[in-house]
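Student: Predicted model follows, preceded by the sequence.
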Amino acid sequence: MTQGAEPGSGFQWPEVLCAPVRELSDHSRLWVALSGGLDSTLLLHLAVHCHGGPGVVRAVHVNHQLQPNASEAEAFCRDLCSRLGVPLVVERVTVAGGDNPDNVGGLEEAARTERYSVFEALMQPRDLLLMAHHGDDQSETVLFRMLRGSGVRGLAGMPSRRDLGAGVLVRPLLGFGRLELERWARSAGLSWVDDPSNTDERFDRNFLRHQVLPRLRQRWPGLDRRLRHTAEACAESEALNRKLAELQWHTLGGERDRLPVSGLREMSLAEQKNLVRWWIRARGFHAPSIGDWRQVMQDLLFAGEDREPEFRSGGFSLRRFQGDLYLVPDREALPDSPVTLKPGLVRSWGEWSLRLEPAHTPKESLPPIRVSTRQGGERVRLRTGSPSRPLKKWLQEQGVPPWERARLPLVFAGSGSAEELIAIGDLWCSEQYSEGAHAARWRLVVRREFD
């Protein structure tokens, strides 16, 4: 631990350092992500100084339980917040792969994922979370992403603010270098906990921090300024890319989960990539890094009409059907066998919910009601007295994509030879169980929950 006293009454925080912390957007709750290190400790003091008042500022500490001094860091954060009158939330997480010391790259990413999951779950509407990333961190990020082959979105570095769950993440210290922050922290007499992992050069960022960036800064003294300018230029380019994609989306008549293939075919490959990646991110998924976008778009847009091309990625897939490109989220598995639907109980079926509610005075007896998926050979009678017809053909006529047909809840009433199909998802319901439900006197309600 780096020792020091709390700021004395004679210490004055410089205005240049306070300004970005004081000039925050309107908010309900103000959080500080507190690791116990120099940067976050300084930021917590600044937040308390600028926004004062008991309980106004809150802190969250994520204990990854990976470092030998993890307990010491947690205890330090508890003590610091107690002295400052700051409510503290401590979350202990178990990082996947934490028992494998050789998996340093995966461990670093897994720890980050766990940390941000905690932050996201904590955020409520109009909450702000302050994080203590500074200019040196930004330089490391830009250089690291360049070495990984990132595009302009990655080279834009860390944004000064972005949405995080229901709240907003803010990085008010990006305009300062670490040496500046350390000088102010020492002048204020602050204490903090040094993270031993920060010197472990098996981690890529530490290798850049200790071996690469010092030599680059020695050769090019203005390196951090140049990298900052690169990040700003890439951020501007990315903003224009997003604007272009949004305009093209509306021009093509895009919908939430699908895009017309004909319009995409008229675009250049660069425009196709930009629009599809924007669409993926707008739906809340990570846009994958694909080595051969040309081949992916060729397969999705130009494969024969008798083909059903598909591209799978983390949490979703892109599929083509009847002239549209669909973005299809991965779904939870459906029940292995049919389920019984009884009055007063809500049944879940994947992304669907089903229930029976009384209409007028219900009959004393209700035929057995079961929910299932297509098994093949089902027939549907759309109106009483009309002939039945193959369900497969009816679904094709309705333009229901094949992957949706396989998940639709089919509701049957009766048993044995008297069993009859009474509902097909939310696409159709027998008049006996819909609207006024005059015949059965039970109304079937089927709802689909969208992402």
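Tutor: Right, received. Where do you want to start?

Student: how many neighbours does Gln211 have?
Tutor: By other C-beta atoms under 10 Å, the residues close to Gln211 number 10. Any C-beta I mention is one placed from the backbone N, CA and C, and that applies to glycine too.

Student: So for the residue lying closest to it once chain neighbours are set aside, what's the pLDDT?
Tutor: In space, and not counting its chain neighbours, Gln211 is closest to Glu201: 6.6 Å by C-beta to C-beta, 6 or more residues apart in numbering. Turning to Glu201, the model gives it a pLDDT of 85.

Student: Does Glu201 touch Phe207 like I think?
Tutor: Yes - counting by C-beta atoms under 8 Å, Phe207 is a contact partner of Glu201 at 4.7 Å.

Student: circling back to that earlier point, can you count the residues close to the residue nearest to Gln211?
Tutor: With other C-beta under 10 Å as criterion, Glu201 counts 13.

Student: what about it, helix or strand, and which?
Tutor: Using DSSP states H and E, Glu201 falls within no helix or strand.

Student: Gln272 too?
Tutor: Going by DSSP H and E, Gln272 is part of helix 269-282.

Student: swap in Asp163?
Tutor: Using DSSP H and E, Asp163 sits within strand 161-164.

Student: Direction included, what does that strand pair against?
Tutor: strand 167-170 (antiparallel) (DSSP bridges).

Student: Just give me the residue closest to the centre of this structure.
Tutor: Gly284 (5.3 Å; C-alpha atoms, centre = their mean).

Student: for the residue nearest to Gln211, what are its contacts?
Tutor: Glu201 makes contact with Phe207, His210, Gln211, according to C-beta atoms under 8 Å, 6 or more residues apart in numbering.

Student: Read off the pLDDT value for the first one.
Tutor: Model confidence at Phe207, expressed as pLDDT, equals 92.

Student: excluding its backbone neighbours, what's nearest Gln322?
Tutor: Ranked by C-beta to C-beta, 6+ apart and with sequence neighbours excluded, the top spatial neighbour of Gln322 is Gly399, at 6.0 Å.

Student: So the one you found sits against Asp324, correct?
Tutor: No - counting by C-beta under 8 Å, Gly399 does not reach Asp324; the two are 9.3 Å apart.

Student: neighbour-wise, which of those two wins?
Tutor: A count of neighbours by other C-beta under 10 Å puts Asp324 above the other of Gly399 and Asp324, at 18 against 11.

Student: C-terminal to the one helix or strand in the chain whose mean pLDDT sits lowest, what's the next element?
Tutor: Least confident helix or strand of the chain, by mean pLDDT, DSSP states H and E, is helix 104-122 with a mean of 85. Per DSSP H and E, helix 104-122 leads on to strand 127-130 as the next helix or strand towards the C-terminus.

Student: helix or strand right after the helix holding Gln272?
Tutor: Where DSSP H and E defines the elements, the next helix or strand beyond helix 269-282 is helix 293-302.

Student: Keeping just the C-alphas, turn that following helix into PDB.
Tutor: In PDB, the C-alpha atoms belonging to helix 293-302 read as follows (Å, rounded to 0.1, in the frame of the first residue of the first chain):
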ATOM      1  CA  TRP A 293     -16.800 -10.200 -45.100                       C
ATOM      2  CA  ARG A 294     -17.000 -10.500 -48.900                       C
ATOM      3  CA  GLN A 295     -17.600 -14.200 -48.800                       C
ATOM      4  CA  VAL A 296     -20.200 -13.800 -45.900                       C
ATOM      5  CA  MET A 297     -22.200 -11.200 -47.800                       C
ATOM      6  CA  GLN A 298     -21.900 -13.100 -51.000                       C
ATOM      7  CA  ASP A 299     -23.400 -16.200 -49.300                       C
ATOM      8  CA  LEU A 300     -26.200 -14.300 -47.500                       C
ATOM      9  CA  LEU A 301     -27.200 -12.100 -50.400                       C
ATOM     10  CA  PHE A 302     -26.500 -14.000 -53.600                       C
END
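
Student: who touches that helix?
Tutor: Contacts for helix 293-302 (C-beta under 8 Å, 6+ apart): 261, 264-265, 269, 272-273, 276, 290, 309, 311, 318, 320, 325.

Student: Show me what the following helix or strand past it is packed against.
Tutor: With elements assigned by DSSP H and E, the helix or strand that comes after helix 293-302 is strand 310-313. Here strand 310-313 touches helix 293-302, strand 316-321, going by 3 or more C-beta pairs under 8 Å, 6 or more residues apart in numbering; DSSP states H and E.

Student: if we can go back for a sec, not counting its own residues, what contacts the strand holding Asp163?
Tutor: For strand 161-164, contacts defined as C-beta under 8 Å, 6+ apart pick out Tyr116, Phe119, Glu120, Met123, Leu129, Val168, Leu169, Val170, Arg171.

Student: Quick check: buried residues in that strand?
Tutor: Buried residues in strand 161-164, counting neighbours by 16 or more other C-beta atoms under 10 Å, are found at Arg161, Leu164.

Student: what's the spacing between that strand and its chain's center?
Tutor: Mean C-alpha position of strand 161-164 versus that of the full chain (C-alpha atoms, centre = their mean, to the nearest Å) differs by 11 Å.

Student: Buried residues in the lengthiest helix in the chain, which are they?
Tutor: Within the chain, and with DSSP state H defining each element, the longest helix by residue count is helix 223-252. Buried residues in helix 223-252, defined by neighbour count with 16+ other C-beta under 10 Å: 223-224, 227-228, 230-231, 234-235, 238, 241-242, 245, 248-249, 252.
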